[in-house]
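Peer 1: Sequence and predicted structure, then a few things I'm wondering about:
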Amino acid sequence: MKSGNTILATAAAAAAIGLSLPLAAHAIDPAYAKKLEKSGCTQVTELQGCDINKTKEQNAKAGFGTAGTAVSPYAGQWVARNVDGRTVSSIRIDGKNKVLVNGKPVASKLSDGALVFKSGFITYTIQGDPRITNESSWFDTDAKTTGPIRRQ
């Protein structure tokens with residue numbers, strides 16, 4: 001019976017320690033909660049790059065939204081530039097991956113975590129993970145030139 005009493009005493013001690021812990025450990029600062037609400041971010045999406053100082057619309061364009069919102073991570077305005085900084089193309093992608101290059105619609109496809117589309121001789125590859133920067137690029141098969149694509 002001593003072992004039964006020891007188990008009971010251990011369980012009672014654990015329960016007492018558990019009750020002494022703060023009950024509101026999950027609570028967040030009201031001002032922070034208000035920023036999350038206004039921005040459409042969650043604590044998880046904020047860690048992934050969602051900006052709590054922007055509006056829901058701005059974050060949605062950047063590929064972030066509240067839980068349940070199916071916004072493409074590619075959505076937004078992008079600019080393809082030459083290595084010397086001149087603009088090659090302006091790219092607009094909506095929440096459903098419909099792409100406009102210089103105002104003209106082009107077909108797109110998802111390939112290995114990236115959105116890939118073509119306009120003329122240029123193939124564009126935009127990475128979908130907002131944490132991956134400086135890896136979106138274009139390649140002109142005719143001129144054999146390439147350059148970066150950046151979100152605006």
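Peer 2: Received the coordinates, thanks. Numbering: from 1, shown residues only.
Peer 1: who's Thr123 bridged to?
Peer 2: For Thr123, the beta-bridge partners are Lys118, Phe139 (DSSP bridges).
Peer 1: right, and it touches Asp142 too?
Peer 2: No: using C-beta atoms under 8 Å, Thr123 is not in contact with Asp142, being 11.0 Å away. The way it works is simple: take the backbone N, C-alpha and C, and place the C-beta from them, glycine included.
Peer 1: Which one's more surrounded, the two?
Peer 2: Counted by other C-beta atoms under 10 Å, Thr123 and Asp142 do not tie: Thr123 has more neighbours, with 15 against 8.
Peer 1: Run through the residues that contact that one.
Peer 2: Going by C-beta atoms under 8 Å, 6 or more residues apart in numbering, Thr123 touches 116-117, 138-139, 141.
Peer 1: Give me the buried subset of those.
Peer 2: 117, 138 (16 or more other C-beta atoms under 10 Å).
Peer 1: Which of the contacts of Thr123 sits closest to Gly40?
Peer 2: The closest of the contacts of Thr123 to Gly40 turns out to be Phe117 (C-beta to C-beta; 26.8 Å).
Peer 1: Tell me how far the closest one lies from Trp78.
Peer 2: 11 Å (C-beta to C-beta, to the nearest Å).
Peer 1: Gly113 too?
Peer 2: Distance from Gly113 to Trp78, by C-beta to C-beta: 16 Å.
Peer 1: out of the two, which sits in the more crowded spot?
Peer 2: Trp78 (22 against 10).
Peer 1: Confirm that the more buried one sits in a helix.
Peer 2: No: counting by DSSP: H, G, I helix; E, B strand; the rest coil, Trp78 falls outside a helix, being strand.
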